[in-house]
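Peer 1: dropping a prediction and its sequence here:
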Amino acid sequence: MLVTRSLTRRRQDGFTMVELLITILIVTVGILGLAKMQAAAVSNTAVSRTRALMTYQAESLAGMIRSNRKFWVTSGNSATWPSFNVSTAGAATQSGMTSVATCVGSGVTCTPAQLAYDDLMNTTYGWAAKFNNGTTGSAFPGASASVVCVSASGGTCAANPTSPHGYDITLTWDQKLVAINKTTAGSQTQSVSIVMHVQP
């Protein structure tokens, strides 16, 4: 009787090797899940930061358009409606603006078309040069931007509109993603765009 009681007590003391291995497995899976959640949180923070910066870039373009209404609001024929583009390779193109060396400095007088060129196209401090000039040193290498006229009545921007035309500012960039499961493991980048409509 005493021997049986002693053996029963000994069987209940401590963990068996199988229980210990199962515990280690459960803890390991939990730690791996936490590591994945941390990576996803860091990735989402970076995505949010880039989107906020791109919004600021679009707002700065909108501010340039609104501050130079004499250029961006025109009643000429449709060919004079200005546009602006920065390719993913960093090549900036424009239409309707007048080339000028600089509009900065004492005694310098610029027309509205020259001021728009200086704001956007100046190779030293212009918006395009700071946004993406085709080098890795630019703020958003590989990103693209465009400013196009949008007719108030739909269609193309015609001459002498009854309602003022506006402009769509479109910024496009590739954002990096963290794979969450097998289906997203192959897609590490995603093309994202924001569009801001401006009424000068």
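Peer 2: Cool, the structure landed.
Peer 1: what about the strands in the chain?
Peer 2: With DSSP state E applied, the chain shows strands at 83-86, 92-95, 144-150, 166-176, 189-198, listed in chain order.
Peer 1: need these in JSON lines (columns: mean pLDDT).
Peer 2: Listed next are the strands of the chain as JSON lines, based on pLDDT from 0 to 100:
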{"stretch": "strand 83-86", "mean pLDDT": "94"}
{"stretch": "strand 92-95", "mean pLDDT": "93"}
{"stretch": "strand 144-150", "mean pLDDT": "94"}
{"stretch": "strand 166-176", "mean pLDDT": "91"}
{"stretch": "strand 189-198", "mean pLDDT": "90"}
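Peer 1: which of those strands sits closest to Ser67?
Peer 2: strand 189-198 (11.3 Å; C-beta to C-beta). All C-beta atoms are positioned from the backbone trio N, CA, C, and that covers glycine.
Peer 1: wait, Ala46 sits on Leu53?
Peer 2: No - applying C-beta atoms under 8 Å, one finds Ala46 not in contact with Leu53, separated by 10.7 Å.
Peer 1: on the pLDDT front, check the closest residue to Pro200 other than its chain neighbours for me.
Peer 2: Spatial nearest neighbour of Pro200, chain neighbours left out: Trp72 (4.4 Å); criterion: C-beta to C-beta, 6 or more residues apart in numbering. The confidence metric pLDDT takes the value 88 at Trp72.
Peer 1: Thr8 now?
Peer 2: Predicted confidence (pLDDT) for Thr8: 53.
Peer 1: how about low-confidence regions in this structure?
Peer 2: 1-15, 43, 75-79, 178-187 (pLDDT under 70).
Peer 1: which helix in it runs the most residues?
Peer 2: Ranked by residue count and defined by DSSP state H, the top helix of the chain is helix 17-67.
Peer 1: for Thr111, which non-adjacent residue is closest in space?
Peer 2: Excluding the flanking residues, the one nearest Thr111 by C-beta to C-beta, 6+ apart is Thr98, at 6.3 Å.
Peer 1: against Thr170, how distant is the one you found?
Peer 2: For Thr98, the distance to Thr170 (C-beta to C-beta, to the nearest Å) stands at 24 Å.
Peer 1: with Ala101 instead?
Peer 2: Ala101 is 29 Å from Thr170, by C-beta to C-beta.
Peer 1: so which of these two has more stuff around it?
Peer 2: Thr170 (16 against 11; other C-beta atoms under 10 Å).
Peer 1: so who does the more buried one touch?
Peer 2: Contacts of Thr170 were listed using C-beta atoms under 8 Å, 6 or more residues apart in numbering, and they are 145-148, 193-195.
Peer 1: going by distance to Ala62, which of those wins?
Peer 2: Val147 (9.3 Å).
Peer 1: you'd agree that closest one is up against Trp81?
Peer 2: No - if you go by C-beta under 8 Å, Val147 and Trp81 don't touch, sitting 10.7 Å apart.
Peer 1: could I get the strands of the chain as a markdown table with distance to Gly137?
Peer 2: Shown next, in a markdown table, are the strands of the chain (distance: least, C-beta to C-beta, whole Å):
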| stretch | distance to Gly137 |
| --- | --- |
| strand 83-86 | 15 |
| strand 92-95 | 16 |
| strand 144-150 | 17 |
| strand 166-176 | 16 |
| strand 189-198 | 21 |
